[in-house]
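Trainee: Just a sequence and a predicted model for now, questions to come.
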Amino acid sequence: MSKDVNPAAKRIDQFISGPGGRADDWRDLVEAAKAWTRGGDRAKYDAGLSDLSVTEEFHGYPGLQLMAALREAASAGDASASFGLAMRITQALATRSFRQHASDWSVKDEGNGDAPDLLPPTFGQHAARRPYFETLIVTGLPSSNWPALAAEWRKLRRPVDAFVYEPVIVGSLEDAFCAAMLNPDLAAVVINEGFALRSRHDAPILRTMTANAGLNDESDASALRLAHIIKRLRPELDLYLISNRDVEAMAGDPEANVVRRIFYSIEELLELHLSILEGIQDRYDTPFFDNLKKYAQRPIGTFHALPIARGKSVFRSDWIRDMGEFYGLNLFLAESSATTGGLDSLLEPTGNIKKAQDKAARALGADRVFFVTNGTSTSNKMAVQALLAPGDIAIVDRNCHKSHHYGMVLAGAQPLYVEAFPMTEYSMYGAVPLQTIKQALLGARADGRLDRVKMLDLTNCTFDGHIYNTRRVMEECLAIKPDLIFLWDEAWFGFARFSPFLRRRTGLGAANDIEAWMHGPKSVELYENQQAELGKNPSEEVLLKTRLIPDPRQIRLRVYQTNSTHKSMSAIRQGSMLSVKDIEFHTVEAQFKEAIFTHASTSPNQQLIASLDVSRRQMELEGYGLVANAMEIAFAIRKAVNNNPLISKYFRILGADAMVPAQYRQSGFTDYLAAGANWASVLKSLDDDEFCLDPTRMTLVCGMAGFDGTQFKGILANEYNIQVNKTSRNSVLLQSNINNTRSDIALLIRVLAEIAGEIDRKLVQGGVNAMKTFVARVNSLMKDVPDLPNFSHFHPSFRGDAGEKTNEGDIRSGFYSAYDAAGCEYLRLGDSEIDRRLKSGPELVSASFVIPYPPGFPIMVPGQVITQETIDFMRKLDVKEIHGYDANEGLKLVRTEALAKIARPKAAATPGLKAASN
Ligand SMILES: Cc1ncc(COP(=O)(O)O)c(C=O)c1O
């Protein structure tokens, strides 16, 4: 949320946009200084400076000296010096030049005149640009000693250091917490024992949170406690403890596993400095990319099937040289193959790809990661194939990406489709309610088939931004089936790992929380208490109503996550990762190898692999700030659209309250931008609510402006060079990401204002008739929306050996029925035969997937019985792109006679394995 929404609540605990809001605070200060220099009131400047003096304590730049100089100029009543210095600092922050230029650290405007103590002689003079970061020092020393302490740290810098850092000193647990939240440049934290608990500043909401966490008196401010708190906020940070006591005992404490190194007393400062640099180097190293760069510099003659490598035939050509010039020589020098030697193999990595994958696993909180070079479409198919055998049942969101459905076909697994809640008015689906998922599991249990249900396969977040309560979903499912496998398709959500707010709602974030809970002191007792309350045979109704606690002793935690690294991080298109946290992985490792061999190209693109490696480096070193910025941009866009009087006449971005029905927002949370919302209420919503909204995914309703989604997407792309994500009947989806800047917002808002102004003008000039046509169009888009058809059921011929209470089906035999041309027929949508058969039979059975874009989910899958709702939806659909359907041919159906020939097989003798049914 932004301070504009909550002006009175500008405190150090307004964190969600913390790092993002800083630039605005400085710009406001400059404006206030400018007004003061022009003879205006100085009160605004003083208030701004006083606020900034608090939050700037958590940053290395501008630092103690420049902030003191600003305060001195203010108390001397020198408006022009205040303006000059505030302006210089703001520019240095905006351009990030302070990371390289010593003069930015100087109180005077020129040279490095009075900064010799503050800065080492080598700062800014290194031939190559050295990456800059900040190190948080938590200390019990009084603040009067901090300038001297900072000087000690700066003296450690040497020309040979690969990186340069500035210390940021705080004296309490609360301030350390604030610094970790507000300062995205922090990359390491040094915790000295003896610091205080409370901040010197006003932090009421923070205090409620610390009280809830049991941090109430000074003895709670222990170094290990703080280490755990910071690790939870920002797991990527390296932590160092300095103790004057029994370091051996501390080092042996299992709780110290979050700390990179423990030092005895401050006397080893140089060692500590070197350790800090080594820790950064470890994150900076990109084993595959580093090796590829070296490889590209070697003089290599290739007699391999890689004619483009080295680029000779490109740069010598009159005809294709422009390609070489466009991409640059390095691309061709780096074009290679695993089989040329020197590089690792993606299919069986043992060298630097393996190392790069291990680092990615660390970054994502997984046990292992597979790099995938054909998108998450492939990651999903690999996971489904590796984890499911023919006849296994998987509970699947019917609205999930097509790769899952095709994965089920390949694996011969039986999808048990579950439905997301519909958002009919916007022609889109939400996410699958937990009740529905539990019902599917309990149904399978009642049928005696729970052992066949192997997997729950869900999309988190959904295309439109619905985020599951991943922890609750997994816990409740594990209470019913303790070894259930979870596949979380987080194609859009990989970045969420780097937000302390969103991480808990990722598959792996929740898996790590569940693992910690399982081994915690209270889990068994909690489970047993609930069992005692539930009694011996609780009814299905009771089980559905209760928030079930799993037996921590029985859980086999098996969690998989796929993410399109190219969709939310800096990977080249198609770069994807498959992450594993599976205690039983050894039992499926061979199957994973087979899945990789099945799906991965034997000629994977080296640049793509390198970009996955580099994406990991970036996220580990600056992901926190980038993600906070993406969220801040989204809040700014939401606010700018919804609060602009002209734009909001025709456009609206849907808040959490519109995207998530109230029944799924149990905490009472309405929206990030609602009055009174603060980070504590956001956290409560993220902890408790069944569904939350990813703020970076913005549904912009354009039906109110008389545009359908596809039409509006075209206008934005063709006339204004703005690309948007997906569309629905009356909306387009905007997405902010780590690449967006404030200028992007300005462009979008200006364009929307222009379009809204144009509509206004046309309506005024067009008179009554234009208004009538406009209203009719808006009504058609906003009100005359087709009902979204639910999945009906598989035809009995494709029910395999399904049970009574669940609706899984043998999608593979449905799929292959389409291969029998004589066994299929076509009926055009307008044909009255369709209506006759819907009324009097025989049933219409789809022979193929039919997937309209938008909305992009299969409204028919092979073997599915087609109902009136599906036909109504198809007939109302006004989109051009429908995969699996050719309007000239019509719907492809399995002939009734062919259905009769498909005998429904008997239940397989071996659970989990079933004879092919055709
Ligand atoms: C939920 C979901 N999963 C998977 C994919 C496929 O990912 P990729 O484009 O990386 O193959 C998409 C693509 O849009 C998606 O929306």
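Mentor: The structure has been received and is ready for your questions.
Trainee: Might one say that Gly823 is in contact with Ser817?
Mentor: Yes - here Gly823 reaches Ser817: they are 6.2 Å apart, a contact under Cβ atoms under 8 Å. Where C-beta positions appear, they are placed from N, C-alpha and C, glycine not excepted.
Trainee: what touches both of these two?
Mentor: Residues within reach of Gly823 and of Ser817 at once, by Cβ atoms under 8 Å, 6 or more residues apart in numbering, are 894, 898.
Trainee: Just want to check the distance between the residue nearest to Asp489 when sequence neighbours are not counted and Met631.
Mentor: Counting by Cβ to Cβ, 6 or more residues apart in numbering, the nearest residue to Asp489 once its immediate chain neighbours are dropped is Thr459, at 4.6 Å. From Thr459 across to Met631, the span is 21 Å (Cβ to Cβ, to the nearest Å).
Trainee: Which positions within stretch 53-64 qualify as buried?
Mentor: Using 16 or more other Cβ atoms under 10 Å as the burial criterion, the residues of stretch 53-64 that qualify are 54-64.
Trainee: on that earlier part again, quick one: which of Gly823 and Ser817 has more around it?
Mentor: Between Gly823 and Ser817, counting by other Cβ atoms under 10 Å, Ser817 is the more crowded of the two (28 against 19).
Trainee: Just give the nearest non-adjacent residue to the more buried one, would you?
Mentor: Nearest to Ser817 is Val894, by Cβ to Cβ, 6+ apart, at 4.8 Å.
Trainee: ok, now which ones touch the one you found?
Mentor: Contact partners of Val894, counting by Cβ under 8 Å, 6+ apart, are 795, 797, 814, 817-818, 823-824, 845-847, 863.
Trainee: Residue numbers of the stretch 401-550 of the chain in contact with the ligand?
Mentor: By Cβ under 6 Å from any ligand atom, the residues of the stretch 401-550 of the chain that approach the ligand are 401, 403, 459, 463, 489, 491.
Trainee: Please spell out the PyMOL selection for the buried subset of those residues.
Mentor: Here is the PyMOL command that selects only those of those that count as buried (16+ other Cβ under 10 Å):
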select buried, resi 401+403+459+463+489+491
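Trainee: I'd like the residues of the stretch 401-550 of the chain next to the ligand laid out as JSON lines, including secondary structure and pLDDT.
Mentor: As requested, those are exported to JSON lines (DSSP: H, G, I helix; E, B strand; the rest coil; pLDDT from 0 to 100):
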{"residue": "His401", "secondary structure": "coil", "pLDDT": "93"}
{"residue": "Ser403", "secondary structure": "helix", "pLDDT": "94"}
{"residue": "Thr459", "secondary structure": "strand", "pLDDT": "97"}
{"residue": "Phe463", "secondary structure": "coil", "pLDDT": "92"}
{"residue": "Asp489", "secondary structure": "strand", "pLDDT": "98"}
{"residue": "Ala491", "secondary structure": "coil", "pLDDT": "96"}
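Trainee: Around the closest residue to the ligand within the chain, how many other residues sit close by?
Mentor: Going by Cβ to the nearest ligand atom, the ligand is nearest to Gly375 of the chain, at 2.4 Å. The number of residues packed near Gly375 is 19, by other Cβ under 10 Å.
Trainee: Identify the residues contacting it.
Mentor: 564, 566, 573-574, 576.
Trainee: Which members of the residues you listed additionally contact the ligand?
Mentor: Counting by Cβ under 6 Å from any ligand atom, the members of those that reach the ligand are 564, 576.
Trainee: out of the contacts of Gly375, who has the most neighbours?
Mentor: Using other Cβ under 10 Å as the neighbour criterion, Ser576 leads those with 27 neighbours.
Trainee: Show the contacting residues for it.
Mentor: Going by Cβ under 8 Å, 6+ apart, Ser576 touches 371-376, 378-379, 491, 562-566.
Trainee: If we use 10 Å, what do you get?
Mentor: For Ser576, the contacting residues are 370-380, 382, 491, 494, 562-567, 608, 612, by Cβ atoms under 10 Å, 6 or more residues apart in numbering.
Trainee: what about Pro299, is that helix, strand or coil?
Mentor: coil (DSSP: H, G, I helix; E, B strand; the rest coil).
Trainee: Check the burial of it by counting its neighbours.
Mentor: 5.
Trainee: Perfect, I'm done here.
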